[in-house]
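A.B. asks: Dropping a prediction and its sequence here:
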Amino acid sequence: MSVLDLARPEIRTLQPYSSARMEAGGGQIMLNANESAWEPAGDVGLGCNRYPDPQPVALLQALASLYGVRREQLFVGRGSDEAIDLLVRAFCRAGQDAIVIQPPTFGMYAVGARIQDAGVIEVPLAEDFSLDISALLAAITPAVKLVFLCTPNNPSGKSISRVDVERVAQALAGRALLVVDEAYIEFSDQASVADLIEHYEHLAVLRTLSKAWALAGARIGSLIANPEVIGLIRRIMPPYPLPLPCVAAALAALSPSGQDAAREHIAIVREQRAVMRDALAGVAGVREVLPSDANFLAVRFDDAGAVYQRLLQAGIVVRDVRRYPKLQDALRITVGTPAENQRVLALLNSPAMDGRVFADGSA
Ligand SMILES: *Cc1c(COP(=O)(O)O)cnc(C)c1O
């Protein structure tokens, strides 16, 4: 069997939209796409009057070498969010098929499934936020087409070991596509599992430039998978997903000097993560700081709501994750610059956090 047997049959046979740029490019006089012949005001040589390459070769090449894969094993879209959406649409029939997730985890898997009217089967993480492999495998029914693993996980920060990913991959062969979301892998000690796609045709890996590569605003995310899966996703992608300015920003970030800057910032985040973890553990009202392999810390407080408000009043916005299972007393705090982190600590250590009443009368 082929992994494509898991995909929606109507997608496999879909006649994709054939855009002008896909059909022909590279001429000297381009009169096939109803574009303007004139560059727009303020265009800095990008040529934004022309439709972009749907999958720009230079960007594919740069990302393929960064991730250690081949170009045909890569789809680049508008953030990994788009890849999640396209995977669900390609593999899950509305009203029939399902995905499996492990809460507490990233919200877009379930949202993507619900938009497609696919089922969402939840297999909670264990008490220590580790993967419950036997429960996960027990939840696999014929309706399940996609299993999402997030490592390091958002919002817990915990990683799944390569051995465990492989155990799940082995068990899912011929049954479901395993999608490993590595949005934060650059901040962890673990290596990507992208190389395993050579061994498992039903393994897919999500990577993004939004976190470690400082390009959240450019929306560049990658799906790494077997070329057959990539081919399927390219058939249903929007005609021109990647805006030229975003591609230019990504190429600059991936240049040698861009890579140096990214590595320097990753090192600072890793160091600051340890500093913050230690310091937060000593703050009054902090119950626990969860160990994290990502660029954030999930922190349990005696009164997370009050801490959230207190930070907000000081102009510091953190993520309230109390709606997630097992995190009902937690906030997720992104690691910022050393100065930003010090401000967080200074505020949390200031007297009002010891249960005293604030100037405005709130507690
Ligand atoms: C931030 C995040 C993403 C989204 O990445 P984009 O490439 O910006 O769409 C994907 N997965 C997880 C777990 C994230 O936290």
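C.D. replies: Cool, got the structure. Since we're looking at a predicted model, the values are computed, not measured.
A.B. asks: and Glu288, what element?
C.D. replies: Assigned by DSSP states H and E, Glu288 belongs to strand 286-289.
A.B. asks: can you pull the buried residues of that strand?
C.D. replies: Val286, Val289 (16 or more other CB atoms under 10 Å). C-beta: built from backbone N, CA, C; applies to glycine.
A.B. asks: Could you point out the helix or strand that follows that strand?
C.D. replies: strand 296-301.
A.B. asks: name the helices or strands packed onto that following strand?
C.D. replies: Contacts defined by 3 or more CB pairs under 8 Å, 6 or more residues apart in numbering; DSSP states H and E place strand 296-301 against helix 256-281, strand 286-289, strand 330-334.
A.B. asks: right, and the ones you listed - which one's nearest the ligand?
C.D. replies: strand 330-334 (10.1 Å; CB to the nearest ligand atom).
A.B. asks: Name every strand pairing with that closest one and say which way it goes.
C.D. replies: strand 296-301 (antiparallel), strand 319-320 (antiparallel) (DSSP bridges).
A.B. asks: right, so these: which one is the most enclosed?
C.D. replies: strand 296-301 (a mean of 24; mean count of other CB atoms under 10 Å).
A.B. asks: Following element in sequence after that one, please.
C.D. replies: That would be, after strand 296-301 and using DSSP H and E, helix 304-313.
A.B. asks: what helices or strands is that following helix leaning on?
C.D. replies: So helix 304-313, by 3+ CB pairs under 8 Å, 6+ apart, packs with strand 319-320, strand 330-334, helix 338-349.
A.B. asks: now the first one: mean pLDDT?
C.D. replies: Throughout strand 319-320, pLDDT has a mean value of 98.
A.B. asks: Residues contacting it, please?
C.D. replies: With CB atoms under 8 Å, 6 or more residues apart in numbering as the test, strand 319-320 has contacts from Pro155, Phe296, Ala304, Gly305, Tyr308, Leu331, Arg332, Ile333, Thr334.
A.B. asks: Likewise for stretch 225-234?
C.D. replies: Against stretch 225-234 from outside (CB under 8 Å, 6+ apart): 2-4, 7, 11-12, 16, 54-55, 70, 72-75, 83, 86-87, 90, 177, 197, 201-205, 223.
A.B. asks: what do you get if the cut-off is 7 Å, keeping everything else the same?
C.D. replies: 2-4, 7, 11-12, 55, 72-75, 86-87, 90, 197, 201, 204, 223 (CB atoms under 7 Å, 6 or more residues apart in numbering).
A.B. asks: Now do the buried residues in it.
C.D. replies: Those would be Ala225, Asn226, Val229, Ile230, Leu232, Ile233, Arg234, for stretch 225-234 by 16+ other CB under 10 Å.
A.B. asks: can I get these in CSV with pLDDT, distance to the ligand and secondary structure?
C.D. replies: Formatted as CSV, the buried residues of stretch 225-234 follow (pLDDT from 0 to 100; distance: CB to the nearest ligand atom, whole Å; DSSP: H, G, I helix; E, B strand; the rest coil):
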residue, pLDDT, distance to the ligand, secondary structure
Ala225, 98, 16, strand
Asn226, 97, 21, coil
Val229, 97, 18, helix
Ile230, 97, 17, helix
Leu232, 97, 20, helix
Ile233, 97, 15, helix
Arg234, 95, 18, helix
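A.B. asks: Between all of those, which two are separated the most?
C.D. replies: Maximum pairwise distance in the buried residues of stretch 225-234, criterion CB to CB, is 12.8 Å, between Asn226 and Arg234.
A.B. asks: roughly how far apart are Ala113 and the ligand?
C.D. replies: 15 Å (CB to the nearest ligand atom, to the nearest Å).
A.B. asks: Need the three-state assignment for that residue.
C.D. replies: helix (DSSP: H, G, I helix; E, B strand; the rest coil).
A.B. asks: And for Thr208, the neighbour number?
C.D. replies: Residues within reach of Thr208, counting by other CB atoms under 10 Å, total 23.
A.B. asks: If it is in a bridge, with which residues?
C.D. replies: Gly221.
A.B. asks: and it, what does it touch?
C.D. replies: Counted by CB under 7 Å, 6+ apart, Thr208 has contacts Gly79, Ser80, Ala183, Gly221.
A.B. asks: Trp213 is in contact with Tyr67, correct?
C.D. replies: No: counting by CB atoms under 7 Å, Tyr67 does not reach Trp213; the two are 11.9 Å apart.
A.B. asks: Where does this structure get nearest to the ligand, residue-wise?
C.D. replies: Gly79 (2.5 Å).
A.B. asks: What about that residue, how many residues nearby?
C.D. replies: Residues near Gly79, counting by other CB under 10 Å: 22.
A.B. asks: how about the residues of the protein that lie near the ligand?
C.D. replies: Contact residues, the chain versus the ligand (CB under 6 Å from any ligand atom): Gly79, Ser80, Asp81, Phe106, Cys150, Asn154, Asp181, Ala183, Thr208, Ser210, Ala216, Gly221.
A.B. asks: re earlier: so between Tyr67 and Trp213, which is more surrounded?
C.D. replies: Trp213 (23 against 18).
A.B. asks: one step back: from the helices and strands packed on helix 304-313, which stretch is densest packed?
C.D. replies: strand 330-334 (a mean of 22).
A.B. asks: Now do that strand and helix 256-281, the angle between them.
C.D. replies: Compare the direction of strand 330-334 with that of helix 256-281 by axes from the mean of the first three to the mean of the last three CA atoms, to 10 degrees and you get 150 degrees.
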